[in-house]
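Colleague: Mind folding the following:
(2 chains)
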Amino acid sequence: MPQWVVVTIVIVLYLGLTLTIGLLAGRRQSDSVAGYVAADRSFGLLVMYFVTGASVFSAFAFLGGPGWAYSRGAAAFYILAYGALGMAPFYWIGPRIAELGRRHGFVTQAQLVTGRFPSRGLSAFIALLSLIAFVPYVTIQMRGAGIVIEAVTDGHVPLWLGALVAYGIVIVYVLSAGAMAVGWTNTFQGIFMIVIAWTLGLYLPWRLYGGVGAMFERIEEARPELLVPPGLDATGQPWTWGAFSTFILVSAVGLMMWPHLFMKAFTAKDDDTLRRTVILFPTFQLFLIPVFLIGFSGVLFAGSPPTPDFILPFMVLETGLPPLVVGLFCAGALSASMSTGDALLHASASVVVEDGVAKFVDVDEHRQRTLMRALVLLTGVTAYAFALDPDSSLVLLLASAYGIIAQFAPPVVAALYWRRATTAGVFAGLAAGTATAFFFWLNPGFKPFDMHEGVLGLGVHIAVLVGVSLATPVQDEAHLARYLV
Amino acid sequence: MTALRLARLLTGLYFTTALVFVTWPGLVPFARARPFVLGLPFAMAWIAAWVAGAVVVLVLLDRVERRHRSDEPRHRSDGSSGPAGGPR
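Modeller: Below is the predicted model of the structure:
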């Protein structure tokens, strides 16, 4: 049997298993909006840990991570650095959000912010920004899935078909079962990813160089610049400290503000579950070490993939592994893509319906669920259209998506902790911060010290939020008491 | 109460220090390949160590927070009946 047939069989079995888990999970959940969006607030520690970990680790980490280590060396270390920093504040913020969610019935981020700062315009603005940040993110995941499948089947299953099948399955279980399906499939996929990453990350350096240390000794002789931060930029020139540092900062601030991650606070069974998820999260982060090792193992390898993002499937195929093993590795990469893609699709539909539509039109629970399902499909189709465009510069868009998402942090912190903040201040700050980030994204030449546009946006955002809030009247005392401790 | 404050202060301090030492300028003196640690270039092991340290710090913080919470009347934490409706 030719290799690609065996690989395809393994992948089909894997996809079938994922679909089964997704569909079975949905049978345990109520038929309400809280059920579809927040899984009836029922997730225990195991599911929460993997939901959070597997949603963070996307095709960007599993394919892009090795790609960065391979082509840009130590620049990739920024991905390792920001996760723990970004997650830690959630030890305190998470339970506060969960408490307000239970008290006021919130299931999305914008509901929390506009609960404290009532404004339908603000709600719609947050929904719109979320969607702008989500679509390119979903597109990257779909392309990732398509790339892996095309590469390992020797082109017998082209990108368009691979992405279609993988995401057809994702959409089926997200449509039918919502948050519960996302939770249980991510648990399965998260375990799978960790095992695959460590196995491959240790095996490749051992097989090609005789060990991890030996591999880095060889790289140090041939390409010493790859091992020292801040590493290289996309063109192979030295990267700047300004960019390296502000990428860490903006990613740390933005990490938990991604609506699909933020909303996990509403799905946890209790506060202890949330806190333990935060405590254990950095252990998931360490899984980037083998991911980088995979990329580094390709540096001195003869031959090179078409683009750095192909390095993982390239190494798997070129080192003569048995087809069964190749199939498993590819299923791991698919896990990374699908486990983030499902969470993104699910969250984007929830956000648009809850914060964009339900604020303006009166829709009952049943209609809301129907509308959410329609939007999952629509977002999926939109992202799929972009994924097929080989010239789409979506990697650029994705980097900027963090610049938008990080702008959600000041409103959330103000809603939870700052009694003097006002609706006008938060709205003005969000608008100014987003506009600033967008301006520097369009005009990178103006960026001081090569800083990430999201950090520049945050600077303006916070100044405007504080200034306008102080210039407008303080909120009603009874209202404040419902949100602040 | 003081133990709790101290624990929170130290945790905050740890993460602030971590941020300084994994970005400019704190990372500059440690941005080198040698010596290797467990086969990894020094800068990579250095950043990984701050991540691993975060687990230890958070576990210690949680022990203090937990003792503090058990002294207080428990918050409702079963999450069974939010206004949006629980399991039916």
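Colleague: gap between the most centrally placed residue in chain A and chain B?
Modeller: When CA atoms, centre = their mean is applied to chain A, the residue found nearest the centroid is A:Val56 (4.4 Å). According to CB to the nearest CB, to the nearest Å, A:Val56 and chain B sit 13 Å apart. (Each C-beta comes from the backbone N, C-alpha and C, glycine too.)
Colleague: repeat for A:Leu100
Modeller: Taking CB to the nearest CB, one finds A:Leu100 at 10 Å from chain B.
Colleague: what does the helix or strand containing that residue contact?
Modeller: Secondary structure from DSSP states H and E places A:Leu100 in helix A:90-104. For helix A:90-104, the surrounding residues in contact (CB atoms under 8 Å, 6 or more residues apart in numbering or on different chains) are A:38, A:41, A:106-107, A:111-112, A:115, A:256, A:262, A:265-266, A:268, A:271, A:274-275, A:277-279, A:412-413, A:416, A:482-483, A:485, B:58, B:61-62, B:75-76, B:79, B:82-83.
Colleague: Now list the buried members of the residues you listed.
Modeller: Applying 16 or more other CB atoms under 10 Å in any protein chain shown to the contacts of helix A:90-104, the neighbour count classes A:38, A:41, A:106-107, A:111-112, A:115, A:256, A:262, A:265-266, A:268, A:271, A:274-275, A:277-279, A:412-413, A:416, A:483, B:58, B:61-62, B:79, B:82 as buried.
Colleague: From what I see, A:Pro411 and A:Leu112 are in contact.
Modeller: No: A:Pro411 is not in contact with A:Leu112 according to CB atoms under 8 Å; the separation is 9.1 Å.
Colleague: Which parts of chain B are helices?
Modeller: B:2-22, B:42-71 (DSSP state H).
Colleague: Would you mind giving the orientation angle of the shortest one with respect to helix A:90-104?
Modeller: When axes from the mean of the first three to the mean of the last three CA atoms, to 10 degrees is applied, the directions of helix B:2-22 and helix A:90-104 differ by 120 degrees.
Colleague: From B:Pro25, how far out is A:Pro230?
Modeller: A:Pro230 sits 12 Å away from B:Pro25, going by CB to CB, to the nearest Å.
Colleague: Quote the end-to-end distance of stretch A:285-301.
Modeller: 27 Å (CA to CA, to the nearest Å).
Colleague: State the distance from the closest residue to A:Trp418 other than its chain neighbours to chain B.
Modeller: Residue nearest to A:Trp418 in three dimensions, not counting chain neighbours: A:Ser469, with 7.8 Å by CB to CB, 6 or more residues apart in numbering or on different chains. Computed as CB to the nearest CB, the A:Ser469 to chain B distance reads 24 Å.
Colleague: how many neighbours does A:Ser469 have?
Modeller: 23 (other CB atoms under 10 Å in any protein chain shown).
Colleague: from what I can see it touches A:Ala424, true?
Modeller: Yes: counting by CB under 8 Å, A:Ala424 is a contact partner of A:Ser469 at 7.4 Å.
Colleague: Distance from the chain centre to stretch A:352-363, please.
Modeller: Between the centre of stretch A:352-363 and the centre of its chain there are 25 Å (CA atoms, centre = their mean, to the nearest Å).
Colleague: which other residues reach that stretch?
Modeller: In contact with stretch A:352-363 (CB under 8 Å, 6+ apart) are residues A:33, A:37, A:107-108, A:110-111, A:114, A:120, A:123-124, A:126-128, A:130-131, A:368, A:371-372, A:375.
Colleague: So which of those belong to helices?
Modeller: If you go by DSSP H, the contacts of stretch A:352-363 have A:33, A:37, A:110-111, A:114, A:120, A:123-124, A:126-128, A:130-131, A:368, A:371-372, A:375 in helices.
Colleague: give me the subset of these touching chain B.
Modeller: The overlap between the ones in helices among the contacts of stretch A:352-363 and the neighbours of chain B (CB under 8 Å from any CB of the partner chain) comes to A:Val33.
Colleague: Now for residue 50: which residues touch it?
Modeller: All of this refers to chain A. Shown in contact with A:Phe50 (CB under 8 Å, 6+ apart): A:Asn186, A:Thr187, A:Gln189, A:Gly190, A:Ile191.
Colleague: ah, no, chain B please
Modeller: If you count contacts by CB under 8 Å, 6+ apart, then B:Trp50 has A:Ala81, A:Ala84, B:Ala18, B:Phe21, B:Val22 around it.
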